[in-house]
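**Student:** Using only what follows, build the 3D model:
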Amino acid sequence: MLKNTESAIVVQGLNHWFGSGEAKKQAIFDVHLEIEKGSLTVLMGPSGSGKTTVLTLMGCLRDVQEGSVKLLGNELNGSSEQTNVALRRRLGFIFQAHNLHESLTARQNVRMGVEVHGRKDRDDAYDQAAAHMLTLVGLGDRVDYLPGNLSGGQKQRVAVARALVSNPDIVMADEPTAALDKESGMNVVELLKRLGQVRGTTTVMVTHDNRILDLADRIVTLEDGAIVSDERR
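**Tutor:** Coordinates of the predicted model:
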């Protein structure tokens, strides 16, 4: 049974290492972070600062080695795979690589975002939800296009639609605007912001994109695996 809490994510004393033996190296150092539901939090910092590692630890994509990560009230340190799977179904993931299925249309790719969450809606409901989300990201006229007939930025917007179509509690986004022009990038982040305001969706975003910082509720900066600043807007 999954729990719920007022905070979307609570991280306390998080440490993480890569490698083993003499090659073992600490990557995350004593990170403490509490993220409120409905907020848009940006993780910034130079390459190798630990941003993506923290994101993947909070998103059940890596095992928590030391410290506490509570995701929607559920402790991830020592959690079972069953719990992790159930929690992932409440998340939406957007990665820099769009990872679309080349043999499926935009609509079919987005439909998968509903189907992998174990939803039992009718086929026409899947199609309507996928088409609606593609329209929201500006691809209403591309719903039946294969990825090979879409630009890089359009493919990334399909990936965004796929992450959002299941109405996740939390969106974990790693450089979601890197492949997008300024207007498209702003539109995607504005959509995430609106989802926070209207649906209470929480977004945690790793980015180097200074163009979208004005939309963030909070900017957390990491260097060498530790938080060096935490600015609320």
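
**Student:** residues contacting the spatially most central residue of the chain?
**Tutor:** Closest residue to the average C-alpha location of the chain: M172 at 1.3 Å, with CA atoms, centre = their mean. By CB atoms under 8 Å, 6 or more residues apart in numbering, the residues touching M172 are 55, 58-59, 91-94, 204. Every residue, glycine included, has its C-beta placed from N, CA and C.

**Student:** what does the helix ranked longest in the chain rub up against?
**Tutor:** What stands out as the longest helix in the chain, according to DSSP state H, is helix 182-198. Helix 182-198 is contacted from outside by 38-40, 136-138, 153, 157, 160, 164, 171, 173, 176-177, 180, 201-203, 205, 209, 211-212, 215, 217, using CB under 8 Å, 6+ apart.

**Student:** Just the buried subset of the residues you listed, please.
**Tutor:** Buried members of these, counted by 16 or more other CB atoms under 10 Å: 38-40, 136-138, 153, 157, 160, 164, 171, 173, 176-177, 180, 201-203, 205, 209, 212, 215, 217.

**Student:** Next step: these restricted to strands.
**Tutor:** Within the buried ones among the contacts of helix 182-198, residues falling in strands by DSSP state E are 40, 171, 173, 202-203, 205.

**Student:** ok, so of these, who is nearest H98?
**Tutor:** Checking these against H98 by CB to CB gives A173 as the nearest, at 12.4 Å.

**Student:** my guess is the closest one meets T201, correct?
**Tutor:** No - judged on CB atoms under 8 Å, A173 makes no contact with T201 at a distance of 11.4 Å.

**Student:** residues in contact with A8?
**Tutor:** Applying CB under 8 Å, 6+ apart, we find A8 in contact with 35-39, 71-72, 169-170, 202.

**Student:** still on that earlier bit, of all pairs in the contacts of M172, which one is the farthest apart?
**Tutor:** The distance between the two most remote of the contacts of M172 (CB to CB) is 14.2 Å, for M58 and I94.

**Student:** more neighbours, the two?
**Tutor:** Neighbour totals were compared for M58 and I94, and M58 leads with 27 against 23 (other CB atoms under 10 Å).

**Student:** quick one on the thing from earlier: buried subset of the contacts of A8, written for PyMOL?
**Tutor:** The buried residues among the contacts of A8 can be selected in PyMOL (16+ other CB under 10 Å) with this line:
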select buried, resi 35+37+38+39+71+72+169+170+202
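
**Student:** show me where this structure has helices.
**Tutor:** Along the chain, counting by DSSP H, helices occupy 51-58, 81-88, 106-115, 123-136, 152-164, 182-198.

**Student:** Tell me which of those sits most buried.
**Tutor:** When neighbours are counted by mean count of other CB atoms under 10 Å, the highest per-stretch mean among those falls to helix 152-164, a mean of 24.

**Student:** tell me the angle that one makes with helix 123-136.
**Tutor:** Interaxial angle, helix 152-164 versus helix 123-136 (axes from the mean of the first three to the mean of the last three CA atoms, to 10 degrees): 130 degrees.
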